[in-house]
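A.B. asks: What follows is a predicted protein model with its sequence.
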Amino acid sequence: MKKVLWILLINCSLLLSQNKQILYNFAELPQTLLINPGAEVSHDVHVGIPFTSQISFIGGFTGFSAYDLFADDGININQKIQRTIASLDKTEFVSINQQLEIVNVGFRLPNSDFLSFGFYEEFDMLLKIPKDLVDLFYEGNTVLNRAYRINKLSGSGELQGVFHAGLSRKFNDRWIFGVRAKLYSSAFHISTKQNAGNLVTTFGTNNTYKHQLNQVDALVQSSGIMLDENEDFNAKYIQKNMLFGGSLGVGFDFGFTHHLDKNVTISGSIQDVGFVYHTKNVESYSIKGNYSVEGLNLLFDQNNPEDYWGNLQDDFEENVILDTINEKYISFKPLKLNGAISYGFGERDNDCRYLTQEANFKNHVGLHLFSRVSSVHTFIAATLFFEKRIAKNLHSKFTYTVDPFSFSNIGFGISAKLGIINAYIVADNLLSLKNVYDAKSFGLQVGANIIITNKN
Amino acid sequence: MLKMKLIKISIAFCMLVSTLSCTKDVDFNQVDDIDIHTSFISTLFYLDFYASDFLNTSNQEIHLQSDVVVASVKEGMKDYLEKIEFNIVTKNTFNRQFTLQVIFYDENMQPIYILKPNIVIPSNSNTKNTVITVPKEDISVIYSTIYFGFSMVLQPSTTGEIIKATDTYNLNIKSSATLYFNYKKV
């Protein structure tokens, strides 16, 4: 059991962020419209094969890999744990994003706009772990005068269903704009952020030691987790909450593609400009205050016995206020920003497209930047990519990404179309295949669509 | 043509994956060897007594004084607690010796554990540090404790001198506990 838990812990940390750098603008796949609603697509109709049009796992843990701890190298595991903890930065973070597309349909309108809509399930989690708390767990509080801060402790996790509808319009041969509206139905949500305060132990005045909680101010908000007695946290409950039964929110994606000239294209998008208003099974906890204690001052007064422990508890509760709050609250979605510039070159297919349309080129090379912005944590990733159209219906893409998880992230994607059936698979951090246990991050998207392009 | 290319790419991809996809030796059985030792210090009780604290209203010496702290110990972390060390620091300017005994009582006020040895505070003693260890096998008793009793005994004078209200002697006791954990179990 112990082993299973440890392996699960490590593997969960590997199923790890939300950067879909390979899928972005790749092969005009329908799923590119979910990352950039202003992406260029030349097909006329697409229907994602239900539950399989996009299965996506992305994530990473900046701290350590399974190999760091469990390598069969003759070194005692306790030494490796000590070494790993010593190498941790002031704050490490774990990020997991999983998506499952249930429905994805798109078609070209008579005025040539492209309308797409659907529904997907998404689990997203990000947790920042301050080194101070790791040290407190690992070393205890025996280092006097050291303030163990909770300032950087923050995190959020949410499971939600997302209904979406987007429209992209080609204004002219150079500009395409798109917008996607989203309706979020949150099954459950938990977050904590902007925490402050520290715990410190010093030599005391009246007693040997004094423990202090200084300016503690922490808040944990949750919805959909603390249930009424007549509700059970089961699959039915989650399903109901994800299908308009949960806390609801709205959001928008915006995107564009701009052909600077016949070779150079820039594009960008901003995803999830929105919020969820948490109204279902809301329960939040806040703790605020200052406190210091040197111990119990024994009086040995048998005529007036003291309730030492009760008095200590009362004193603590007077100074450190712990509240349970049932007020509805708003959570803002983490923003995802994408930007890319690409250069097309090589032989072009003669498919009557306008000369400036970069999709004609067989090869594209470029730079893609991604940033996830949230009150919990913000990080940036940069990707160099090379996309090659091997045949008219066979595309490949190679990427090299630098992100907080790795400086050596090589990714590969391939998309093929046989008749009207399209299938694709993209994965990153392939160098970790040399030793999967040494991977700190991993991303995989796989899916199949029916794609129809009118010949005329 | 496309099918051929797809086949070639698939073969190449499979070769790439089969060539590259491997694992270096790992041994998850090492979980059994994890031995993380952590210790936490906790402040406990203190007292500061003067001559008047050992006299009754008739200015007669009180030889035995006691006090009780009601505090049930939570079960959390019980499986990981290996050892407890009580550290008692005393300083006594009285020309009398004191003995302090700490007794653990259950919910029926029955004594279930006594910290041994008793804390002996010699007369006219400077700062003295007494360490009392509760071994792992006795720790479960601590978790059954509801009342912590303290008995202070003023030992008889060897010279016949008695404490007077005007004496400026002082008895000072400070204490802390160090809890030693071993996160061996998961």
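C.D. replies: On my side now, so go ahead. This is a predicted model, so every value here is computed, not measured.
A.B. asks: Could you tell me the model confidence score at B:Phe28?
C.D. replies: Confidence at B:Phe28, expressed as pLDDT, is 86.
A.B. asks: quick one: is the strand or helix carrying B:Val69 near chain A?
C.D. replies: Element membership for B:Val69, per DSSP states H and E: strand B:64-70. Yes. Counting by C-beta under 8 Å from any C-beta of the partner chain, chain A is contacted by strand B:64-70 at B:Gln65, B:Ser66, B:Asp67, B:Val68, B:Val69, B:Val70. Heads up, the C-betas are built off the backbone N, CA and C, glycines and all.
A.B. asks: What segments of chain B are helices?
C.D. replies: B:2-20, B:136-143 (DSSP state H).
A.B. asks: Which one of these has the poorest average confidence?
C.D. replies: When I compare the helices of chain B, helix B:2-20 is least confident, with a mean of 58.
A.B. asks: isn't A:Phe57 right next to A:Leu444, touching?
C.D. replies: Yes. Counting by C-beta atoms under 8 Å, A:Phe57 touches A:Leu444, with 5.2 Å between them.
A.B. asks: More neighbours: the two, which one.
C.D. replies: A:Phe57 (19 against 16; other C-beta atoms under 10 Å in any protein chain shown).
A.B. asks: partner residues bridging the more buried one?
C.D. replies: As for beta bridges, A:Phe57 partners with A:Gln98, A:Leu444 under DSSP bridges.
A.B. asks: give me the low-pLDDT residue ranges for the stretch 151-300 of chain A?
C.D. replies: Scanning the stretch 151-300 of chain A for pLDDT under 70 picks out nothing.
A.B. asks: where do the strands sit along it?
C.D. replies: Along the stretch 151-300 of chain A, the segments classed as strands by DSSP state E, counting those that start in this stretch run A:154-170, A:175-192, A:196-203, A:209-223, A:247-259, A:264-278, A:282-293, A:296-297.
A.B. asks: could those be laid out in JSON lines, adding distance to A:Phe123 and mean neighbour count?
C.D. replies: JSON lines is the format used below for these (distance: least, C-beta to C-beta, whole Å; neighbours: other C-beta atoms under 10 Å in any protein chain shown):
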{"stretch": "strand A:154-170", "distance to A:Phe123": "5", "mean neighbour count": "21"}
{"stretch": "strand A:175-192", "distance to A:Phe123": "9", "mean neighbour count": "21"}
{"stretch": "strand A:196-203", "distance to A:Phe123": "29", "mean neighbour count": "17"}
{"stretch": "strand A:209-223", "distance to A:Phe123": "15", "mean neighbour count": "18"}
{"stretch": "strand A:247-259", "distance to A:Phe123": "15", "mean neighbour count": "20"}
{"stretch": "strand A:264-278", "distance to A:Phe123": "14", "mean neighbour count": "20"}
{"stretch": "strand A:282-293", "distance to A:Phe123": "20", "mean neighbour count": "16"}
{"stretch": "strand A:296-297", "distance to A:Phe123": "47", "mean neighbour count": "18"}
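A.B. asks: Now render those as CSV, adding distance to chain B.
C.D. replies: Listed next are the strands of the stretch 151-300 of chain A as CSV, based on distance: least, C-beta to the nearest C-beta, whole Å:
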stretch, distance to chain B
strand A:154-170, 22
strand A:175-192, 21
strand A:196-203, 6
strand A:209-223, 4
strand A:247-259, 27
strand A:264-278, 25
strand A:282-293, 7
strand A:296-297, 4
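A.B. asks: related to what we said a few turns ago, determine how far the strand holding B:Val69 lies from the middle of the whole chain.
C.D. replies: The chain centroid and the centroid of strand B:64-70 are separated by 19 Å under C-alpha atoms, centre = their mean, to the nearest Å.
A.B. asks: and what of stretch B:91-107?
C.D. replies: Centroid separation for stretch B:91-107 versus its chain: 18 Å, with C-alpha atoms, centre = their mean.
A.B. asks: Please identify the buried residues of that stretch?
C.D. replies: For stretch B:91-107, the neighbour count (16 or more other C-beta atoms under 10 Å in any protein chain shown) marks B:Asn92, B:Phe94, B:Arg96, B:Gln97, B:Phe98, B:Leu100, B:Gln101, B:Val102, B:Ile103, B:Phe104, B:Tyr105 as buried.
A.B. asks: separation between the fourth one and B:Pro111?
C.D. replies: To tie it back to what came earlier, the one meant is B:Gln97. Distance of B:Gln97 to B:Pro111, computed by C-beta to C-beta, to the nearest Å: 24 Å.
A.B. asks: Ok, the last one next?
C.D. replies: Applying C-beta to C-beta, one obtains 6 Å for the distance of B:Tyr105 from B:Pro111.
A.B. asks: Quickly list what's touching both of these two.
C.D. replies: Residues within reach of B:Tyr105 and of B:Pro111 at once, by C-beta atoms under 8 Å, 6 or more residues apart in numbering or on different chains, are B:Gly149.
A.B. asks: thinking again about what came up before, now that we have the residues of strand B:64-70 next to chain A, which of them are buried?
C.D. replies: B:Gln65, B:Asp67, B:Val68, B:Val69.
A.B. asks: Understood, closing this out.
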